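> give me coordinates for this.
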Amino acid sequence: MSEPSLHSTAGIHPTALVDPAAELAAGVSVGAYSIVGPHVVVGEGTTIGPHVVLTGHTYIGRNNRIFQFSSIGEVPQDKKYAGEPTRVEIGDNNTFREYCTINAGTVQDGGVTRIGNDNWVMAYVHIAHDCVVGNHTIFANCTNLAGHVHIGDWAILGGYTGVHQFCKVGAHCMTAVGTVLLQDLPTYVLAGGNTAQAHGINSEGLKRRGFSAVAIAGIKRAYKTLYRSGLTLEEAKTELSAQASATPEVQPLVDFLGRATRGIVR
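Take a look at the predicted model:
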């Protein structure tokens with residue numbers, strides 16, 4: 001990560017409180033009544049709206065947009081936390097709408113809450129300690145991630161989705177409004193309900209991302225093997241490994257099943 005230069009007063013509203021030790025790169029703007037702490041680093045072109053709090057050991061990359069009343073870098077909501085200097089790291093080109101909260105990590109995990117690039121995070125979303133979010137995701141309003149959750153690239157979480165601690169959500173997944181995930185959600189799968197059930201694959205999303213008709217057909221076949229064949233999970237994993245040799249796009253699903261730790265939505 002490149003190190004931005006120390007900030008100047010340009011682009012900083014006179015009512016904002018920016019610690020002299022904070023590092024703000026060129027083109028950063030800070031809105032009225034926002035607070036930026038001493039261990040915060042913000043990359044070039046990022047816009048910080050009014051009434052935003054950036055605190056803790058927080059790195060925010062380039063060209064992010066952070067809307068009003070968001071809080072990023074605050075201590076984790078974990079009773080075990082004892083003041084350790086854990087972190088939040090955010091990449092480039094993300095949007096965080098109003099009232100988003102992102103907490104720092106804990107030493108019981110990697111010590112970092114990490115968010116990648118090009119994510120679209122809508123209002124009232126909470127991303128708890130030690131979460132890892134990939135790239136190109138969409139979190140609709142009021143989505144809540146508990147601690148230690150991992151979200152794969154291109155995942156779309158519908159409004160009011162709740163994800164239990166330590167769960168994993170695979171790449172290209174999609175959840176319906178009000179979904180409650182208590183187990184890992186495999187790559188490509190559509191899910192909905194409380195508690196979540198699988199409802200096919202995210203074929204429309206795959207089309208939009210350039211997956212071929214042949215690849216999507218292979219992924220549908222893999223879904224049927226996992227969910228409709230009557231095979232045990234271990235038997236299905238063996239069969240899916242064989243299918244991946246003919247359809248390489250199935251391999252990410254096989255890899256995800258190998259990493260699943262809470263059981264899968266099935």
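
> thought residue 243 was touching residue 221?
Yes. At 6.6 Å, residue 243 counts as touching residue 221 under the criterion of C-beta atoms under 8 Å. C-beta: built from backbone N, CA, C; applies to glycine.

> give the contact list for the closest residue to residue 164 other than its chain neighbours.
Closest residue in space to residue 164, ignoring its immediate chain neighbours: residue 182 at 4.8 Å, by C-beta to C-beta, 6 or more residues apart in numbering. Going by C-beta atoms under 8 Å, 6 or more residues apart in numbering, residue 182 touches 164, 167, 195, 196, 262.

> mind checking how far residue 182 is from residue 149?
Per C-beta to C-beta, to the nearest Å, residue 182 is found 12 Å from residue 149.

> what residues are shared contacts of the two?
When contacts are counted by C-beta under 8 Å, 6+ apart, residue 182 and residue 149 are jointly contacted by 164, 167.

> what comes into contact with stretch 200-214?
So stretch 200-214 is contacted by 154, 156, 172-174, 188-190, 215-216, 219-220, 223, 247, 249 (C-beta under 8 Å, 6+ apart).

> need the max-distance pair from those residues.
Spatial extent of the contacts of stretch 200-214 (C-beta to C-beta) is set by the pair 156 and 247 at 22.9 Å.

> do you know how far the residue nearest to residue 164 is from residue 123?
Residue 182 sits 25 Å away from residue 123, taking C-beta to C-beta as the criterion.

> contact partners for residue 244?
250, 251, 253, 254.

> are any of the residues you listed buried, and which?
Neighbour-count burial (16 or more other C-beta atoms under 10 Å) applied to these gives 250, 251, 253, 254.

> ok so the last one is a helix residue?
Yes. Counting by DSSP: H, G, I helix; E, B strand; the rest coil, one finds residue 254 located in a helix.

> next up, phi/psi of residue 53, please.
Per-residue torsions, residue 53: phi -120, psi 120 (degrees, to the nearest 10).

> next one: the one 5 residues further on
The phi/psi pair for residue 58 (degrees, to the nearest 10) reads phi -120, psi 130.

> distance of the nearest residue to residue 140 once chain neighbours are set aside from residue 255?
Spatial nearest neighbour of residue 140, chain neighbours left out: residue 159 (4.0 Å); criterion: C-beta to C-beta, 6+ apart. To residue 255, residue 159 is 29 Å away according to C-beta to C-beta.

> more crowded one of those two?
residue 159 (18 against 13; other C-beta atoms under 10 Å).

> would you list the phi and psi of the more buried one?
phi -50, psi 140.

> what do you get for residue 220?
Torsion angles, degrees, to the nearest 10, at residue 220: phi -60, psi -40.

> mind showing which ranges of the stretch 1-150 of the chain have poor pLDDT?
The model of the stretch 1-150 of the chain has pLDDT under 70 over residues 1-10.

> OK, contacts around residue 94?
By C-beta under 8 Å, 6+ apart, the residues touching residue 94 are 61, 64, 65, 115, 117, 118, 119, 120, 121.

> is it correct that residue 71 is in contact with residue 53?
Yes. Contact criterion C-beta under 8 Å: residue 71 and residue 53 qualify, at 4.7 Å.

> from residue 132, how far off is the closest residue to residue 259 other than its chain neighbours?
Distances taken as C-beta to C-beta, 6+ apart put residue 168 closest to residue 259, at 6.7 Å, once the chain neighbours are dropped. Distance, residue 168 to residue 132, by C-beta to C-beta: 9 Å.
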